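Peer 1: Need a 3D model of the following:
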Amino acid sequence: MPDFDVVVVGAGHAGCEAALAAARMGRRTLLVTINMDRIAYMSCNPSIGGPAKGHVVRELAALGGEMPRNTDRTHIQIRLLNSSKGPAVQALRAQADKALYSQRMKQTLEQCPNLRLRQGMVTAVELVKGRVAAVRLADGARFATRSVVLTTGTFLAARIMGGDWAMPAGRQGDPPAVGLSACLRDLGLALVRMQTNTPPRIDARSVDYSLSEPQYGSEAPCYFGLYYDELPPGPPFGHDDISPVYPIAWQPSWRPQLPCYMVRTNAETHRIVRENLHRSPIAAGISQGAGPRYCPSFEEKIVRYPQHESHIIFLEPEGYANNEVYVQGFFTALPVDVQEAMLHSIPATKEAVITRPGYAVEYDVVRAGQLEPSMQARGIPGLYLAGQINGTSGYEEAAGQGWLAGVNAALFVRGEQPLLLRRDQSYIGVMVDDLITKEHTEPYRLFTSRAEFRLLLRQDNADLRLSPIAYRLGLLSEGFLKKVESKRTAIQAEMKRLAHATIHPSAEMDALFVAQGLPALTEPVQALQLLRREGVDYAFVERLCPADGPLMPEARETLEIEAKYAGYIERQTHEVERFARLERRRIPQGFDYSRLAGMRAEAQQRLSEVRPLTVGQAGRLSGVNPTDVAILLAALERGQSHAETAAPGVGEG
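Peer 2: Numbering: from 1, shown residues only. Reported below is the predicted structural model:
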């Protein structure tokens, strides 16, 4: 018997989710990390969530993941973004206590049955007869295993740089992963370089907060997690334990929170940057890695947007009890003296003292097109990849991939079909499909605009979409699933009741409508139709047409959204059905695209490289157009009668 069923390499956000998922599914799991004191460490911004990213965190809550629970226990601020916009783009964002987040996650890992932690650097993955057999560590240890999940973050052959200096490191203070890149190349995987960067941190005592705009958290309780038996108590700090350097003009009653502070750059800031562009390894082209387009260095912003007179910067506390402030939006690899000059050009940070300068990091990633939808490396049974090794950015993207990779590593060991999440089913499915079908020349970041069915993938219905899957995997309790199904039943029953209830005009009704700022009724109206009107919420309709008992709180938001957006939801549901027909059309393994007469050479090459499982996936590949898809469909109709069967694992949800 091998030492372990699953070995997870790296204990960042992807590695933690992968290890916990595999262990909770009953697999003997080993988590190996270079530094046990940096588990779930927030190397960049200590925040979780935002549009699309917050959706993934809520999906993890519905799937039994740990990031949402850990965030709910450790955040110093939380609020709902885009509350004035449509429900598809509304999402929670939390600012976590950086140190406490890491400590609580380590504690969770240490207490998890079937999971063992080990400090060390994995230098090689061994195969026997083409399948994963073991991992070797730099200290000479060897662990036999049936599957491996690589979650190496920014550490593969990495170096950090700023100004005219550079040194080998995965992040400041931690060594790079040495040897594993060469091993992956020997296994046949192609690697490319990518780059990201981090801003300076400054001493909170050196900021003039009176010259900033406070950004407060939510007055109402907000949580990423679902169906708590007892709400998370939050950090073990009272008001007296919060660092006194942060001015707190307001505190919600439900939990102590710290504000963030908004400031703006100015013409002087931009002049300093322009005059020192030649000193940046990013702007000067010294870095060989492709940097993020949507989270660029500040010097890149100045080059790309010369017409902008200012940029918004946020000063974000990194914890309740420490004095370090993260300068959000000031990502840079300029020399320290330039970083100081930039900060001192802004009134609120005129006297700012840098505690940690910003820098850039470049690292190896696996080139796109070498990943299966299960997160398994193509052609290497038992080897799974998750997080930044796949060319993504962000804690949330990493955690979503890690959960899926850990689940499928456990299923692989059990000899079961993999779980494949679809684009119409989850944001995790959108991300994984994008990683497989699209070419990426820069770190990938999730946006709501990437999801064509985003009205179906809201944060309020993640449990209805995904929790039955997690229950079948053994990652959620029966009690949790019963609460989800109670919510589903309650919504259906209340929707039916409102559809059959009629509200009639009367003097009493006129008074209620006027008090709500609505025109009085002139004729009877169905309660469900009334709910769909602008300015009418469920609480008002419930008052006019009370039920026998109150609707459970978790169902109220979903009911209102599905009532108001019924037409749009129905339209997207029909689109999903059309989409599903192409997703069910399986492409046989080893299909020879070079024999398709009339298909363009570019499409043949791309299809041969990626080897899509279904026609739907083939149609989303860059370089493949609708005509190419039509040719492929015709060939499958002529010669492959079994093409209508679903690809393995598809539709598990």
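
Peer 1: Strands of the stretch 401-550 of the chain, residue ranges please.
Peer 2: For the stretch 401-550 of the chain, applying DSSP state E, counting those that start in this stretch gives strands covering 502-503, 525-526.

Peer 1: nearest to Phe453, of those?
Peer 2: Comparison of the strands of the stretch 401-550 of the chain against Phe453 by CB to CB identifies strand 525-526 as nearest, at 28.2 Å. For every residue, glycine as well, the C-beta is placed using N, CA and C.

Peer 1: Regarding Ile78, what is its secondary structure?
Peer 2: strand (DSSP: H, G, I helix; E, B strand; the rest coil).

Peer 1: my bad, Leu92
Peer 2: Remark: Leu92 carries the secondary structure label strand [criterion: three-state DSSP].

Peer 1: Distance-wise, check it relative to Ala52.
Peer 2: For Leu92, the distance to Ala52 under the criterion CB to CB, to the nearest Å works out to 12 Å.

Peer 1: Thr154 now?
Peer 2: Plainly put, Thr154 is 21 Å away from Ala52 if you go by CB to CB.

Peer 1: between these two, who's got more neighbours?
Peer 2: Summary of the neighbour comparison: Thr154 and Ala52, criterion other CB atoms under 10 Å, with Thr154 having more neighbours (29 against 25).

Peer 1: ok, for the more buried one, nearest residue in space, not its chain neighbours?
Peer 2: Closest residue in space to Thr154, ignoring its immediate chain neighbours: Tyr363 at 4.5 Å, by CB to CB, 6 or more residues apart in numbering.

Peer 1: and the gap between that neighbour and Pro168?
Peer 2: 11 Å.

Peer 1: Please identify which of those two sits among more neighbours.
Peer 2: Remark: of Tyr363 and Pro168, Tyr363 carries more neighbours, 27 against 11, as counted by other CB under 10 Å.

Peer 1: right, and the secondary structure at the more buried one would be what?
Peer 2: Counting by three-state DSSP, the backbone at Tyr363 sits in strand.

Peer 1: try Ser147
Peer 2: From three-state DSSP, the assignment for Ser147 is strand.

Peer 1: What's the separation between it and Leu475?
Peer 2: Ser147 is 17 Å from Leu475, where distance means CB to CB.

Peer 1: Pick out whichever of those two has more residues nearby.
Peer 2: In this view Ser147 and Leu475 are compared by other CB under 10 Å, and Ser147 has more residues nearby, 28 against 21.

Peer 1: Distance to Val610, mean pLDDT and mean neighbour count added to the strands of the stretch 401-550 of the chain, as TSV?
Peer 2: Shown next, in TSV, are the strands of the stretch 401-550 of the chain (distance: least, CB to CB, whole Å; pLDDT from 0 to 100; neighbours: other CB atoms under 10 Å):
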stretch	distance to Val610	mean pLDDT	mean neighbour count
strand 502-503	56	94	15
strand 525-526	50	94	16
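
Peer 1: Same list (the ones you listed) but as CSV, adding distance to Gly188.
Peer 2: As requested, these are arranged in CSV below (distance: least, CB to CB, whole Å):
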stretch, distance to Gly188
strand 502-503, 67
strand 525-526, 62
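
Peer 1: And for Leu42, the neighbour number?
Peer 2: Careful, residue 42 is Met; it's not Leu. Met42 is surrounded by 20 other residues when neighbours are defined as other CB under 10 Å.

Peer 1: hang on, it packs against Gln95?
Peer 2: No. Taking CB atoms under 8 Å as the definition, Met42 is not a contact partner of Gln95, at 10.3 Å.

Peer 1: contacting residues for Val615?
Peer 2: For Val615, the residues meeting the contact criterion (CB atoms under 8 Å, 6 or more residues apart in numbering) are Leu582, Glu583, Arg585, Arg586, Ile587, Val629, Leu632, Leu633, Leu636.

Peer 1: Show me which of those is closest to Glu351.
Peer 2: Using CB to CB, the shortest approach to Glu351 within those belongs to Glu583, at 58.1 Å.

Peer 1: Kind regards, and thank you for your time.
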